[in-house]
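*Asks:* Based on what follows, work out the 3D shape:
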Amino acid sequence: MSDDRRTATERFVAESLEDPRSGGRPFSSRARESRRSLEDYLRAGVRPRWMERLIEIERGTAREQRRLAEAYEALREECGADRRTFARRWHAIAASWRFDELNELVRTHNEWYPVERDLPMDIHTRDYVLVNGRSYRRRELDAGWILEQFPLSPSRRAPAAARRTPRRP
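*Replies:* Predicted structure coming up:
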């Protein structure tokens with residue numbers, strides 16, 4: 001059938017079946033019918049964007065924890081036994097610490113992860129289902145997160161956050 005006798009829908013379908021890299025030839029039936037899954041992407045060596053973003057968030061969080069642990073220890077040594085000065089100065093440091101780039105990744109993750117993973121909705125909660133029993137949402141990092149990881153009252157030992165990997169919310 002010539003292009004001038006096709007409806008707009010028929011032309012769209014015909015064009016969508018053509019592989020733009022193959023000079024206008026249609027996709028093979030094998031390519032059109034092949035199953036696409038996460039496992040197939042991983043076998044091909046291509047990570048989905050949601051997975052890359054989670055890796056970036058984990059690495060960024062670990063990097064910030066290391067930097068904070070160094071600052072915490074330096075301040076602890078500088079303040080010595082003066083806990084009141086330590087608490088005041090550590091609180092000021094925590095309040096001024098910036099996580100803009102990392103928090104932007106977290107916001108992007110929280111917005112797009114359920115769409116990218118095609119998560120089903122829970123009709124009772126009217127929210128996306130839990131992933132491995134937990135919410136897919138990640139917490140943005142802020143002064144409160146810092147003070148949970150590195151408390152205002154220093155102990156003799158290094159804070160637990162400096163010794164372990166980041167915990168998911």
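
*Asks:* shaky segments in the chain?
*Replies:* Residue ranges of the chain with pLDDT under 70: 1-4, 9-39, 41-44, 154-169.

*Asks:* Would you map out the domains in it?
*Replies:* Domains of the chain are assigned by automatic domain parsing as 3-34, 49-162.

*Asks:* which of those is buried the deepest?
*Replies:* Stretch with highest mean neighbour count among those: domain 49-162 (a mean of 14; mean count of other C-beta atoms under 10 Å). Just so you know, the C-beta spots here come from the backbone N, C-alpha and C atoms, and that holds for glycine as well.

*Asks:* sorry, back to before: redo the domains of the chain as a markdown table? Include distance to residue 40.
*Replies:* Converted to a markdown table, these look like this (distance: least, C-beta to C-beta, whole Å):
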| stretch | distance to residue 40 |
| --- | --- |
| domain 3-34 | 8 |
| domain 49-162 | 14 |
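
*Asks:* remind me, longest helix of the chain?
*Replies:* helix 49-79 (DSSP state H).

*Asks:* Show me what that one is packed up against.
*Replies:* With contacts taken as 3 or more C-beta pairs under 8 Å, 6 or more residues apart in numbering; DSSP states H and E, helix 49-79 sits against helix 83-96, helix 100-116, helix 143-149.

*Asks:* wait, which of the ones you listed is closest to residue 62?
*Replies:* helix 100-116 (10.7 Å; C-beta to C-beta).

*Asks:* neighbouring contacts of that closest one?
*Replies:* 48-50, 53-54, 56-57, 60-61, 64, 119, 128, 136-142 (C-beta atoms under 8 Å, 6 or more residues apart in numbering).

*Asks:* need the next SSE after that helix, C-terminal direction.
*Replies:* strand 121-122 (DSSP states H and E).

*Asks:* partners of that following strand, with directions?
*Replies:* The strands that strand 121-122 pairs with in its sheet are strand 127-128 (antiparallel) (by DSSP bridges).
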